[in-house]
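Novice: requesting a structural model of the entry that follows:
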Amino acid sequence: MSELPISPASVAPENVAATTVTIPDHVVFRVFAAETVVLNINTGQYHGLNPVAGSMLETLQGTPDLRRASQALAEEFEQPLERIEHDLRAFCDDLASRGLLEFHEPQAR
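Specialist: Predicted coordinates:
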């Protein structure tokens, strides 16, 4: 059974880092040197991402857990984890509002 996406606003603050995300099947992206181009096939809209945002999207594709993705990006960019977690959450909220990303509730352990 697949998980149903949830609204980003419905994730409790204490669960944000444990939240996972997926890139829906109707979204494709391609990385270029100067930008990443993201296409929402359902709407036909293209979105351009700068290299940092492109790196975030690539990381999320391979590591959909926001906590682990934040840790990987903090190491990559040599920035404090708290800053990356904040920036990554804002980035994910923006992508979700455009239909380019879906949030999923943390799994019970």
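
Novice: tell me the pLDDT of H104.
Specialist: Looking at H104, its pLDDT stands at 89.

Novice: what are the contacting residues of stretch 75-83?
Specialist: Outside stretch 75-83, the residues that touch it by C-beta atoms under 8 Å, 6 or more residues apart in numbering are 52, 55, 59, 70-71, 73-74, 84. For the C-beta atoms, the positions are set from N, CA and C on the backbone; glycine is no exception.

Novice: all helices of this protein, in order?
Specialist: For the chain, helices defined by DSSP state H occupy the ranges 51-62, 66-77, 81-97.

Novice: to N42, which of these lies closest?
Specialist: Among the helices of the chain, the nearest to N42 by C-beta to C-beta is helix 81-97 (14.2 Å).

Novice: the closest one: which residues count as buried?
Specialist: Residues of helix 81-97 classed as buried: 84-85, 87-89, 91-92, 95-96 (neighbour count, 16 or more other C-beta atoms under 10 Å).

Novice: mind putting those into JSON lines with pLDDT?
Specialist: Output for the buried residues of helix 81-97, formatted as JSON lines (pLDDT from 0 to 100):
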{"residue": "I84", "pLDDT": "96"}
{"residue": "E85", "pLDDT": "94"}
{"residue": "D87", "pLDDT": "96"}
{"residue": "L88", "pLDDT": "96"}
{"residue": "R89", "pLDDT": "94"}
{"residue": "F91", "pLDDT": "97"}
{"residue": "C92", "pLDDT": "96"}
{"residue": "L95", "pLDDT": "96"}
{"residue": "A96", "pLDDT": "95"}
